[in-house]
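>>> give me a model of this one.
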Amino acid sequence: MTLPKPIQTYFTAQAPQDGAAFAAAFAPDAIVHDEGATHLGPAQIEDWWKAAFAKYRHRAEPLDMTEAGGKLLVRARVSGDFPGSPAVLTFAFALTGDHIQDLRIG
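This next block holds a predicted model:
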């Protein structure tokens, strides 16, 4: 499966050392929705990503990708330090050019 570059970066970046590359995958006005919270812009998104990794020590392995409603839906097996691990989650990405504009994780 070939993922668009910003989505590939999302799944391959290593916290915390790849923080700048991870943040650069997002548009300046990007939004991430996860666990009932909203994170706006690359700086907040990078902070959320680093904090989530520190808390859960997780990794996500993409399984498949489909397109629906103008979004790319990536199902990934997520494993880490959380109840129910591993779990299959859906990552709904909206892209603008070569950047992630919107991401909903569920």
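
>>> any regions of this protein where pLDDT drops low?
Nowhere does the chain drop to pLDDT under 70.

>>> after the top helix by length along the chain, next one along is what?
Longest helix in the chain, counting residues (DSSP state H): helix 41-56. From helix 41-56 onward toward the C-terminus, using DSSP states H and E, the following helix or strand is strand 59-68.

>>> can you give me the buried ones in that following strand?
60, 62, 65 (16 or more other CB atoms under 10 Å). Placement of C-beta: from N, CA and C, glycine included.

>>> now those residues in CSV, with distance to residue 25?
Shown next, in CSV, are those (distance: CB to CB, whole Å):
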residue, distance to residue 25
60, 14
62, 15
65, 16
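
>>> state the distance from residue 50 to residue 13.
10 Å (CB to CB, to the nearest Å).

>>> just to check, residue 102 is in contact with residue 94?
Yes. Applying CB atoms under 8 Å, one finds residue 102 in contact with residue 94, separated by 3.9 Å.

>>> spit out the residues that contact the two alike.
Taking CB atoms under 8 Å, 6 or more residues apart in numbering as the contact rule, residue 102 and residue 94 both touch residue 71.

>>> ok, residue 89 touching residue 60?
Yes. Residue 89 lies in contact with residue 60 (CB under 8 Å); the separation is 7.5 Å.

>>> joint contacts of these two?
Contact criterion CB under 8 Å, 6+ apart; residues shared by residue 89 and residue 60: 76, 78.

>>> picking up where we left off before, gap between the longest helix of the chain and the chain center?
10 Å (CA atoms, centre = their mean, to the nearest Å).

>>> tell me what angle that helix forms with strand 59-68.
Angle of helix 41-56 versus strand 59-68, following axes from the mean of the first three to the mean of the last three CA atoms, to 10 degrees, is 130 degrees.

>>> packing partners for helix 41-56?
helix 19-24, strand 26-34, strand 37-40 (3 or more CB pairs under 8 Å, 6 or more residues apart in numbering; DSSP states H and E).
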